[in-house]
Structures are given as C-alpha cells and as structure tokens.
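**Q** no sequence for this one, just the structure:
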C-alpha cells in the first residue's frame, strides 16, 4: 500500500498529534486520509454500556463484608470515632445528657431517607440534608430543625413548625416541601396551607399549589404544576429556579463537584433531571441552557458556548 | 495525589482507588472479553483481592496491581463474546449545521465501524478502544497492558489499518 504504512507507528502518531508538519501534509494529500479521519471521529463517539459506579461499589462492600472478615477490623474505624465523640460529649455534658433526647437524621450524597415522626407525620429527606427534634418535647409542640431539603406530610393537630436558618414554616395538617441553602429558602405547598416566616420577619401564607422562594433577600412567588415534589420519585424538577440551586441539587445527588466559574449562576432553569444516570442528568440540565461541559471523574467543568 | 504511599487498607483510600480506576478497569476487561457481566464480575473479584492484600499495596501501586490481577483473571476465564459498543450522537455540538443526511450517513458508518472493531484481534482492540473511548495516552495504555509505548503505537496503527480495510470491503 502507501508509503506511510511502512512506518509502524505512523498512524498512531497521527492520532496522538505527533506527526511532523511535512508528514501530516503528505498524509492529508493521500487518498486514505478522509477515511481515517472518519474512523477516528466516529470511534470517539462510541461508548461502553453504562457503568453504575456507586452501585458497583455498594455490591463490592457487601461482598467484602459478608465473606471476608478481615474487613470488619478496619471498617470499625468510623464507628470508633463516633463512640469517641459520643464519649466526649458524655464527659462534657455529664448529667445533662440524660435529658438530651434529641433525635436527628441526616443523609449523604445521593441518599434519601423516609422518617416517621412520633405523631405519624412523614418526612422524606433529600440528599445532603438533616433534621432533628426533641423527642420529649414533641408532645408540647411539634417543632423540628431542618437544613437542606425535605418533603413533609403532616398529620392534623397542633402547630407543626419547621425551623431553618433562613426562616420558619408553620402549619396545621398539610403536605409541603422546604429547601434551604446559603441565601436560599424555598417552600412549596402541595396540600392545605402553610405560614412562612423568613429571617427578616416577612410573613406569608401559602395555600395549596403555591410556592415561594427567597433568594438573596428577594421574594418570588409562583404556582406549582405538580402534585408532589418529583425528587421523591427519583427525579428533581425545577421551575424558573436559579441555576445555582440546580447545580447544588446535582452535586448533592451525584457527589460531584461542578466548576461553574465560567457561567452566570443567576440564569433560570425550568426542567428536571433524573437521579439514576448522571450523563442523562447533565444533558437535561445543560443542553437547554446552551452550556457545554466537560465531565471527568467527579469533576464537571462548565464552559460557556 | 502523586507519590502517595498511603495504604489502601484505609476505607476512604480504598474507595478513592475504586472511584478512580473501576470504570476503566471494567472497560479494559470488556474490550478483551466482550461480556459486560463477566467484566463487572472480574472487577469485583479484583477489588476484593486488592482489599485482602491491602497491607501490601500502597496507593501508587494499586492501579498496576488491579490491571495485572484483572488481566490474569481474564486469561483464566475462557469464554469470549463480541464487543458491543453504543454510539452516541454528539450532544454538545447539536447546534452545528449537521444535516439529517449527514447524521444518517454517520449512523451507518458507525454500524460498520462497530462491527469492524468487534472483529479486531484482542491486542489491537484493547489498545484502540482504551485510546479512543477511555481517552488514555499511549504511555498509560503501555503501563496498563505491560508493553512498551512503541508496542502500543504499533498495535494502534495496525488496528487503524485493519479497520480501514474492513470498512472498505463492506
């Protein structure tokens, strides 16, 4: 065949961009060049079946835990640390500990947790969120602390109060979603009505199908189109939400780090992303926003078109 | 993260090793055997083996340990199937002026290419796919497979020529 085949590494060097300019020029003039370009272009768009890394790791841990005892020795490290912390808390608080009846729950990246409260009210905790409440004082007043995002189905009864750093939500019996973050406070009411008091004592009553958000001290209202928050059904949905919140939700769901320094975080996003496939999720957020991105391991870099 | 002599017995380090290497390890085995289930089983066994031997393997050595163990596991497994790859349409460049005809043609071409790749000898296929799909550099492929960079370049070139011939004949 042609001359360039005689050099064993010629095509490999072409792929890696290591041909000299003369070699490249000559190659480009050859009849095969177009065909090789096509092979190279299309082969880069091929992919293997999806690899569910988190799932694979869970299976691996299960396998290791069940069959290999060696593991439990080192695995205990974290609980020991917790015991240590608990012990020091006991030492510090001493006597008071007997009255410390705080119950708390928290979730990690990509986790969700369904919690039943003493009065049978339900809480579904989204990823990277936590709630806590005092068991003994529950009968006196239904009050709990929330950071992050949670969906509440409250049994009828006395005032049910959700305290957050950004404000409080008070209800009787209803279903609603609360999402908090730095400079962000969002409440969606799916049933009944809720009273929202923001940190600067702004009071609002939300009725069924209404939602409110406070972003950098500005208040916005909108109508809900959904019956329940979709994040409880393996999908996160947003309505004219600031991109910053969408990215945060993505990071919490998939345990990734998004570098968004090159894009405007205040632009608004309406749409949803799945919790089961990060590539699909990335596409459904960033394609309509006309933002291209580079994903590498757990880092995602956003590039403006 | 370079020059890391941390023991992989530490659960967080072990998890880091998993998150760094599990996918390309899975693909590497898949390119050889063409059976995704078998590939994922081998990955799991390999990591279990790494865990059992964690005291002997530091972070920096974990990668080559994993690929060596997985390669041996593959050699012990006899059954081979054909590699089946997915073809992704280019999402980021959708706005570019690609006509439907162009896309259709590219689709057809990709079918031919996938078939040709499946017919490549294993040694050429693993090099070609590690380079084109996993975007690994020749030096890294050389390290994974345990041959010289020159050897990788040779296999890469052979793979391209074989694909070109195969596609030309269809």
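**A** Okay, I see it. Since this is a predicted model, take the numbers as computed values, not measurements. Numbers count the residues shown, from 1 in each chain, chains lettered A, B, ... in the order given.
**Q** What's the mean pLDDT across the host helix or strand of residue B:75?
**A** For residue B:75, the host element (DSSP states H and E) is helix B:59-76. Helix B:59-76 shows a mean pLDDT of 85.
**Q** Determine whether any part of it lies close to chain A.
**A** No: Helix B:59-76 is not in contact with chain A by Cβ under 8 Å from any Cβ of the partner chain; minimum separation 12.5 Å. C-beta here means a position set from N, CA and C on the backbone, and glycine is covered the same way.
**Q** mind listing what's buried in that helix?
**A** Within helix B:59-76, the residues scored as buried using 16 or more other Cβ atoms under 10 Å in any protein chain shown are B:59, B:62-63, B:65-67, B:69-71, B:73-74.
**Q** before we move on, what about stretch B:100-109?
**A** In stretch B:100-109, counting by 16+ other Cβ under 10 Å, buried: B:106, B:109.
**Q** Now do the buried residues in the helix or strand hosting residue A:238.
**A** Residue A:238 belongs to strand A:235-242 when assigned by DSSP H and E. Of the residues in strand A:235-242, A:236-239, A:241-242 count as buried by neighbour count, 16+ other Cβ under 10 Å.
**Q** try stretch A:290-305
**A** Applying 16+ other Cβ under 10 Å to stretch A:290-305 flags A:291-293, A:298, A:300, A:302 as buried.
**Q** Can you confirm whether it lies near chain B?
**A** Yes: judged by Cβ under 8 Å from any Cβ, stretch A:290-305 and chain B are in contact via A:290, A:292-293, A:297-298, A:305.
**Q** Can you give the contact residues for that stretch?
**A** With contact meaning Cβ atoms under 8 Å, 6 or more residues apart in numbering or on different chains, stretch A:290-305 is reached by A:255-260, A:262-263, A:278-279, A:282, A:286, B:19-20, B:92, B:95.
**Q** Residue A:187 and residue A:16: what is the separation?
**A** Look at residue A:187 and residue A:16: by Cβ to Cβ, to the nearest Å, they are 54 Å apart.
**Q** Comparing these two, which residue is more hemmed in?
**A** A count of neighbours by other Cβ atoms under 10 Å in any protein chain shown puts residue A:187 above the other of residue A:187 and residue A:16, at 25 against 14.
**Q** Next secondary structure element downstream of the host helix or strand of that one?
**A** Assessed by DSSP H and E, residue A:187 sits inside strand A:184-191. Toward the C-terminus, strand A:184-191 is succeeded by strand A:193-198 as the next helix or strand (DSSP H and E).
**Q** count of residues packed around residue 46?
**A** Let's take chain A. When neighbours are counted by other Cβ under 10 Å, residue A:46 comes out with 18.
**Q** Switch to chain B, please.
**A** 26.
**Q** quick check: angle from the helix or strand where it lies to helix B:59-76?
**A** In this structure, residue B:46 sits in helix B:36-52 according to DSSP H and E. Per axes from the mean of the first three to the mean of the last three Cα atoms, to 10 degrees, the angle that helix B:36-52 makes with helix B:59-76 is 140 degrees.
**Q** what mean pLDDT would you report for helix B:36-52?
**A** 89.
**Q** likewise stretch B:107-124?
**A** What stretch B:107-124 shows for mean pLDDT is 89.
**Q** Model confidence score at residue A:224, please.
**A** 82.
**Q** that's a strand at residue A:270, yeah?
**A** Yes: assessed by DSSP: H, G, I helix; E, B strand; the rest coil, residue A:270 belongs to a strand.
**Q** got a list of what it touches?
**A** A:238-241 are the contacts of residue A:270 under Cβ under 8 Å, 6+ apart.
**Q** can you tell me how far residue A:206 sits from residue A:104?
**A** 27 Å.
**Q** Neighbour count for those two, which is higher?
**A** A direct count of neighbours by other Cβ under 10 Å for residue A:206 and residue A:104 places residue A:206 higher, at 22 against 10.
**Q** mind checking which helix or strand the more buried one is in?
**A** Using DSSP H and E, the element containing residue A:206 is strand A:203-207.
**Q** how far is that strand from where the chain is centred?
**A** 27 Å (Cα atoms, centre = their mean, to the nearest Å).
**Q** Helix B:36-52 and the helix or strand hosting residue A:59, what's the angle between them?
**A** Following DSSP H and E, one finds residue A:59 within helix A:53-67. Interaxial angle of helix A:53-67 relative to helix B:36-52 (the same axes, to 10 degrees): 60 degrees.
**Q** which residues are in contact with helix A:53-67?
**A** A:71-72, A:75, A:110, A:255, B:15, B:18-19, B:22-23, B:26, B:40, B:43-44, B:47-48, B:51.
**Q** One more: stretch B:146-153?
**A** Contacts to stretch B:146-153, defined as Cβ under 8 Å, 6+ apart, come from residues A:8-9, A:12-13, B:68, B:71, B:127, B:138-139, B:141-142, B:145.
**Q** Just the ones of these in helices?
**A** A:12-13, B:68, B:71, B:127, B:138-139, B:141-142, B:145 (DSSP state H).
**Q** re earlier: just the buried ones from the contacts of stretch A:290-305?
**A** Using 16+ other Cβ under 10 Å as the burial test, the contacts of stretch A:290-305 include A:255-256, A:258, A:263, A:278, A:282, A:286, B:20 as buried.
**Q** In JSON lines: those, plus secondary structure, pLDDT and distance to residue A:149.
**A** Shown next, in JSON lines, are those (DSSP: H, G, I helix; E, B strand; the rest coil; pLDDT from 0 to 100; distance: Cβ to Cβ, whole Å):
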{"residue": "A:255", "secondary structure": "coil", "pLDDT": "84", "distance to residue A:149": "16"}
{"residue": "A:256", "secondary structure": "coil", "pLDDT": "88", "distance to residue A:149": "17"}
{"residue": "A:258", "secondary structure": "strand", "pLDDT": "90", "distance to residue A:149": "17"}
{"residue": "A:263", "secondary structure": "coil", "pLDDT": "86", "distance to residue A:149": "23"}
{"residue": "A:278", "secondary structure": "helix", "pLDDT": "88", "distance to residue A:149": "19"}
{"residue": "A:282", "secondary structure": "helix", "pLDDT": "89", "distance to residue A:149": "20"}
{"residue": "A:286", "secondary structure": "helix", "pLDDT": "89", "distance to residue A:149": "21"}
{"residue": "B:20", "secondary structure": "helix", "pLDDT": "89", "distance to residue A:149": "30"}
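**Q** Right, I'll leave it there.
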